[in-house]
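J.: with the input below, show me the fold.
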Amino acid sequence: MKIVFFDTKNIERSFFDGNLIFDNLKIIYFHESLNFSTFLSEDVLDADILCVFPASTLGKEILEKFYNLKFIVTRSVGFSHIDTEYCAQNGIRVATAQHYGDNTVAEYSFSLLLNLLRNICPASHDVRYGTIKQSYTGEELHDKTIGILGTGAIGSKSVKIAHGFGMNILATDISPKVELEDKYGVEYVSLEKLCAFSDVIMLHSPLTKDNYHIIDAGKISLMKSNAVIVNTARGELIDTKALYNALLQKKIRGAALDVVECEELFMSGKDNFDDEINSSCLKKTLINHVLLNLQNVIITPHIAYDTADAVGRILELTLQNISEFLKNKSVTNELNLHK
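T.: Next up, the predicted model:
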């Protein structure tokens, strides 16, 4: 049995080398992500198991190269970077690291929000470089209205935090939670009403084919002029061009983004691009770079999950997923690809 890890840090390699102890198991590690430009030798293409992070893109054109592939483990909750339809059709099982960072991501979402509303980044920058201005006047969260898209595990934690700040809470979800309504006064509304009445729009929805660009020009046009958007979910939930135009024209106040469209390209730091990269991604990457120059925007490199506590849970859950598969047991965190 052969496992190939991509997006691997040294701490992860040390952990798996010390804990994945199985007879006749070969492990290969790559620091790089698995994508179009990754060099794949025959020693890799016969892998039985792939273990990746969302920076890797496992579309059909990549997956069909792995002729012996049986199992994919992603070190994340989200799995939009994996072509699950191809996996279902070809008997490839997929497992995720469920609930490793529910509090982690929710806490980070509010750190971004506070940073944006209280002008922490520009104030810190100005102190460092001796260019202190007269005012960094911000806004409080108390009595503001927050609209939360998605009240799953992470969204529910954000509801709790928002309640602690004394915020009014709107939410939209295909499966409303009565306990959130009863305990925290959450009001479930349509997405249109949420956009129209919220001072803060916070995204915690998974990316699916049905909610791609769920925040588009039309939804943004409904928002208050003082509204801010916080996205720690997936970049493709927001139409990048529509967001940029709204920020540039001051139709909304600001945005704090830990994820952006085509982030694997945007965060790569490349100054030249492969032929396989489509023009749409190149355009979105250009807009992302222009967004960085706006004073009312914060962009961080997909680190909402990244605490020592959460990374430890990811490692343990990944080890559990692989071990259960190798022992021919039911994999606790396996996706049901046939529902």
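
J.: going forward, measure contacts between C-alpha atoms and count neighbours the same way
T.: Will do.

J.: could the C-alpha coordinates of the helix or strand hosting A106 be exported in PDB?
T.: In this assignment (DSSP states H and E), A106 forms part of helix 102-117. Provided in PDB are the C-alpha atoms of helix 102-117 (Å, rounded to 0.1, in the frame of the first residue of the first chain):
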ATOM      1  CA  ASP A 102     -15.100  25.000  14.500                       C
ATOM      2  CA  ASN A 103     -14.100  27.500  17.300                       C
ATOM      3  CA  THR A 104     -10.800  28.200  15.500                       C
ATOM      4  CA  VAL A 105     -12.400  29.600  12.300                       C
ATOM      5  CA  ALA A 106     -15.200  31.400  14.100                       C
ATOM      6  CA  GLU A 107     -12.700  33.200  16.400                       C
ATOM      7  CA  TYR A 108     -10.600  34.200  13.500                       C
ATOM      8  CA  SER A 109     -13.600  35.600  11.600                       C
ATOM      9  CA  PHE A 110     -14.300  38.000  14.500                       C
ATOM     10  CA  SER A 111     -10.600  38.900  14.700                       C
ATOM     11  CA  LEU A 112     -10.800  40.000  11.100                       C
ATOM     12  CA  LEU A 113     -14.100  41.800  11.700                       C
ATOM     13  CA  LEU A 114     -12.700  43.700  14.700                       C
ATOM     14  CA  ASN A 115      -9.500  44.500  12.800                       C
ATOM     15  CA  LEU A 116     -11.500  46.000  10.000                       C
ATOM     16  CA  LEU A 117     -14.000  48.000  12.100                       C
END
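
J.: what's the distance between it and the middle of its chain?
T.: 13 Å (CA atoms, centre = their mean, to the nearest Å).

J.: can you name the element that comes right after that helix?
T.: helix 120-128.

J.: now the helix holding A106: buried residues?
T.: 102-110, 112-117 (16 or more other CA atoms under 10 Å).

J.: helices of the stretch 101-250 of the chain, residue ranges please.
T.: Along the stretch 101-250 of the chain, counting by DSSP state H, counting those that start in this stretch, helices occupy 102-117, 120-128, 153-164, 178-184, 191-197, 217-221, 240-248.

J.: mean pLDDT lowest where, among those helices?
T.: Ranked by mean pLDDT, the helices of the stretch 101-250 of the chain bottom out at helix 120-128, with a mean of 93.

J.: which residues are in contact with that one?
T.: 114-115, 132-133, 136 (CA atoms under 8 Å, 6 or more residues apart in numbering).

J.: show me where pLDDT drops low in the stretch 151-300 of the chain?
T.: Low-confidence segments of the stretch 151-300 of the chain, defined by pLDDT under 70: 269-277.

J.: so I201 bridges to which residues?
T.: G147, I229 (DSSP bridges).

J.: quick check: C87 touching F79?
T.: No. In this structure C87 lies outside contact range of F79 using CA atoms under 8 Å: 11.9 Å.

J.: quick check: angle from the helix holding A106 to helix 153-164?
T.: 50 degrees (axes from the mean of the first three to the mean of the last three CA atoms, to 10 degrees).

J.: which helices and strands does helix 102-117 pack with?
T.: Where contact means 3 or more CA pairs under 8 Å, 6 or more residues apart in numbering; DSSP states H and E, helix 102-117 is packed against helix 153-164, strand 228-231, strand 254-257, strand 297-299.

J.: list the helices and strands the first one packs on?
T.: Using 3+ CA pairs under 8 Å, 6+ apart as the contact test, the elements touching helix 153-164 are helix 102-117, strand 145-149, strand 168-172, helix 178-184.

J.: in TSV: those, plus distance to L292.
T.: Output for those, formatted as TSV (distance: least, CA to CA, whole Å):
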stretch	distance to L292
helix 102-117	14
strand 145-149	24
strand 168-172	29
helix 178-184	35
